[in-house]
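> what shape does this take:
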Amino acid sequence: MPPVAWVLSGATGVAVTILAALLLAQRGEHAFFVAGDSKFFLLTARDLFGTGRGFAAINATPQIPYRYGRIGLPFVGWLLALGNPSSVGWTMLVVNLAALTAIPGLAAVVLDDRGAPPAAAAFILVLPAFVLLYGTVLCDPLLIALILVAYILDGRGHEHGAVAVLAYAVLVKEIAVLALVPLAWRALRHGDRRRALGVAGAVVPYALWCVWVQARIGTLPFLARTESRRGALGLPFAGVRYTLAHWPFEGAVIVGLLTVTIVLGAVGAWAARGTELGLLAALLTLMTVCLGPVALRYVGETVRVFLTPEVVGGLALCVGLARRAPSRAAPEMQRDHALSGREHTL
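As a prediction, this is how the structure comes out:
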């Protein structure tokens, strides 16, 4: 692990801990679970293997199957709290801060393993959502941290470990399935169908959990009759057109954010084309183009949704630029190939 990774994560950890402590002192634990997704995660963690009875108290019963589909964060909070419902808020807060702390350091390792300057991972620290997520408990930091861990493991030749990590990431948020595609595509390109099936097997835990949700609650998470699910994705640019038509001011800001995210992802995908990271950046950029009106309704929510494609797109761009600077990148890349064959190409 390069020294700069420790510096980035150390500085991030100190900053988010201080900010979270100040917020706790001013407003208490409730401040991190005020509304929206954070409140739903808390309700789920408090009744992890139940039927979501806490949702009825806030008139959100239709949300139950959809929210229970994203069990990854509530599960680790429940596990760390030893099943104590009154403690899961604190443990999920710790997980959220730990994930935020880890992301810059993990990103630096991803870059270092692929011959790019690890210090370039500092760009993550200025992304709007990353700066603000210390104050609310959501699944995105954990999702990003898990994807980075998986790609570090895969880049170092530990594909089975990477697939296992991504299997859990899918339980955190379904879009982690996209991170499996580059690994499966690589196996297919090499004619290894068995390995491709092994990668696809990472969705089995999620499928089994969905069956449990169906049996316990009565609806599959991805078929939940709630606007949060139906309005999350749509035709390309349909969501932003809807937002501009109904909320012009917010829509103008969101268009600007969307443009930056798409350009970053597209340029990063092109620069790192032929690598797993480049393909993942392309897939996440395509997903961003297809975001629906629910995902693009509020500026704060939109900034958070954009964080994953921005992180991956930025890393892909750094890797792509390093690959095209042979005087600086080639010695590092040759060392990696000689020692462990860490760099995979599609």
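> use CA for all of it now, contacts and neighbours both
Will do.
> pLDDT score assigned to the closest residue to R67 other than its chain neighbours?
Nearest residue to R67 in three dimensions, chain neighbours excluded: F40, at 6.7 Å (C-alpha to C-alpha, 6 or more residues apart in numbering). You'll see F40 listed with a pLDDT of 93.
> can you tell me the element F40 falls in?
helix 36-46 (DSSP states H and E).
> list the buried ones in that helix?
The neighbour-count check on helix 36-46 (16 or more other C-alpha atoms under 10 Å) flags 37-46 as buried.
> under the pLDDT cut-off, which ranges of the protein? List them.
Counting by pLDDT under 70, the chain shows low-confidence ranges at 227-229, 231, 326-346.
> if we can go back for a sec, so can I have a markdown table of the buried residues of helix 36-46 showing distance to A281?
Formatted as a markdown table, the buried residues of helix 36-46 follow (distance: C-alpha to C-alpha, whole Å):
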| residue | distance to A281 |
| --- | --- |
| D37 | 25 |
| S38 | 26 |
| K39 | 30 |
| F40 | 29 |
| F41 | 27 |
| L42 | 31 |
| L43 | 33 |
| T44 | 31 |
| A45 | 31 |
| R46 | 35 |
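> widest-spaced pair of the residues you listed?
Maximum pairwise distance in these, criterion C-alpha to C-alpha, is 14.4 Å, between D37 and R46.
> re earlier: so after the helix holding F40, what's the next helix or strand?
Past helix 36-46, the next helix or strand by DSSP H and E is helix 64-68.
> sorry, back to before: tell me what the helix holding F40 is packed against?
Applying 3 or more C-alpha pairs under 8 Å, 6 or more residues apart in numbering; DSSP states H and E, we find helix 36-46 packed against helix 64-68, helix 72-80, helix 88-113.
> out of those helices, the one nearest A164 is which?
helix 72-80 (13.3 Å).
> list the buried residues in the closest one.
Buried, per 16+ other C-alpha under 10 Å, within helix 72-80: 72-78, 80.
> biggest separation within these, which pair?
Taking C-alpha to C-alpha, no two of the buried residues of helix 72-80 sit farther apart than G72 and L80, at 12.5 Å.
> could you report the distance from I58 to A184?
Counting by C-alpha to C-alpha, to the nearest Å, the gap from I58 to A184 is 42 Å.
> compare the two (neighbour count), which wins?
The residue with more neighbours, out of I58 and A184, is A184; 21 against 8, by other C-alpha atoms under 10 Å.
> secondary structure class for the more buried one?
Following DSSP: H, G, I helix; E, B strand; the rest coil, A184 is assigned to helix.
> quick one: contacts for it?
Listed by C-alpha atoms under 8 Å, 6 or more residues apart in numbering, the contact set of A184 reads 195-197, 199-200.
> tell me which of the residues you listed is nearest to G155?
So of the contacts of A184, ranked by how close each gets to G155 (C-alpha to C-alpha), first place is V199, at 14.9 Å.
> neighbours of the closest one, how many?
Quick note: V199 (other C-alpha under 10 Å) scores 24 neighbours.
> quick one: contacts for it?
Listed by C-alpha under 8 Å, 6+ apart, the contact partners of V199 are 163, 180, 183-184.
> wait, is it part of a strand?
No. Judged by three-state DSSP, V199 forms no part of a strand; its state is helix.
> how near is it to E174?
Per C-alpha to C-alpha, V199 is found 15 Å from E174.
> how about V181?
Using C-alpha to C-alpha, one gets 13 Å for the distance from V181 to E174.
> okay, these two: which has more neighbours?
Applying other C-alpha under 10 Å to V181 and E174 shows that V181 carries more neighbours, namely 18 against 15.
> check contacts around that one.
Contacts of V181 (C-alpha under 8 Å, 6+ apart): L280.
> mind listing what's buried in the helix or strand hosting L208?
Here L208, judged by DSSP H and E, is contained in helix 204-217. By neighbour count on 16+ other C-alpha under 10 Å, the buried set for helix 204-217 is 206-207, 209-214, 217.
> in TSV, list those residues along with distance to G256.
Listed next are the buried residues of helix 204-217 as TSV, based on distance: C-alpha to C-alpha, whole Å:
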residue	distance to G256
Y206	35
A207	37
W209	38
C210	36
V211	40
W212	41
V213	38
Q214	40
I217	40
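> out of the residues you listed, which comes closest to V126?
For those, the nearest to V126 is Y206 (32.9 Å; C-alpha to C-alpha).
> which non-adjacent residue is nearest that closest one?
Using C-alpha to C-alpha, 6+ apart, the nearest residue to Y206 is L171, at 5.7 Å.
> quick check: phi and psi at L233.
phi -130, psi 160 (degrees, to the nearest 10).
> what's the nearest residue to S86 if we skip its chain neighbours?
R46 (7.4 Å).
> dump the residue contacts of L166.
L166 neighbours (C-alpha under 8 Å, 6+ apart): 146-147, 150, 176-177, 179-180, 202.
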